[in-house]
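Asker: Let me see the structure of the following:
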Amino acid sequence: MSRGTKANPEWTGFQESRPYGPKYDLRTDFVMVYGISNDLPERIEGWKKAGYTIHLMTGVSWGQYQDYLYGRYDGRDHWDEAQAERGGTHLLHGKDVPYMVPTISFAEYLASHIKKAIDCGVEAIHMEEPEFWAAGGYSEAFKREWLNAYGEGWIPPHSSP
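Answerer: Numbering: from 1, shown residues only. Sure, this is the predicted structure:
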């Protein structure tokens, strides 16, 4: 079906990380299946069977991305991509849930999971919370991305207006 001929408007929706369940079936027009965990295809399928148009919502800067952090995704540990304060302390959303620097590698990781969601029939993508903390420009990954983006060496944020 082409996007121009979609029969049902999508006026109301909600986000849900759990598989379909009648207890929390709000009977809206769409559901934003939340998160890109391994059970994503099954969650999508359950909501589809319940008659929903499926969207995907996942975090841009933080989420359950431990497979990426600990190298299970590509064989390399990625803790160097966690946002870090001047003293080197990681900025965390939880125990091992850092706020990530938006590196090319991390973007490729997110894109690979988003592709899987699209292949499972997701019709819209919501990338939420692209948070980068003002105090967080000190990680090695941020310094590398700075050089890639601007073609000049990183300047410590505290040393310049």
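
Asker: can you map out the strands along this structure?
Answerer: Residue ranges of the strands in the chain, as given by DSSP state E, are 13-16, 30-34, 53-59, 92-94, 97-98, 124-128.

Asker: So for stretch 60-74, mean pLDDT?
Answerer: For stretch 60-74, mean pLDDT rounds to 94.

Asker: try stretch 112-126
Answerer: For stretch 112-126, mean pLDDT is 95.

Asker: Out of the strands of the chain, which is closest to residue 83?
Answerer: For residue 83, the closest of the strands of the chain is strand 97-98, at 6.6 Å, according to Cβ to Cβ. C-beta coordinates here come from the backbone N, C-alpha and C atoms, glycine included.

Asker: helices or strands up against the closest one?
Answerer: Applying 3 or more Cβ pairs under 8 Å, 6 or more residues apart in numbering; DSSP states H and E, we find strand 97-98 packed against no helix or strand.

Asker: ok, and what's touching that strand?
Answerer: Residues from elsewhere that reach strand 97-98, judged by Cβ atoms under 8 Å, 6 or more residues apart in numbering: 62, 63, 64, 65, 69, 79, 82, 83, 90, 91, 92.

Asker: so what does the helix of greatest length in the chain touch, helix or strand wise?
Answerer: Among the segments of the chain that qualify as a helix by DSSP state H, the longest is helix 104-119. Under the contact definition 3+ Cβ pairs under 8 Å, 6+ apart, helix 104-119 sits against helix 40-49, strand 53-59, strand 124-128.

Asker: what about residue 52, neighbour count?
Answerer: Residues near residue 52, counting by other Cβ atoms under 10 Å, number 23.

Asker: Please shift the residue numbers so they start at 255 in all later answers.
Answerer: Renumbered: residue one is now 255, and that last one reads residue 306.

Asker: Surely it touches residue 285?
Answerer: Yes. Counting by Cβ atoms under 8 Å, residue 306 touches residue 285, with 4.6 Å between them.

Asker: hang on, the earlier thing: among the helices and strands packed on helix 358-373, which comes closest to residue 396?
Answerer: Between the helices and strands packed on helix 358-373, strand 307-313 lies closest to residue 396; by Cβ to Cβ that is 18.2 Å.

Asker: Name the strands paired with the closest one and say parallel or antiparallel.
Answerer: Strand 307-313 has the following sheet partners, assigned by DSSP bridges: strand 284-288 (parallel), strand 378-382 (parallel).
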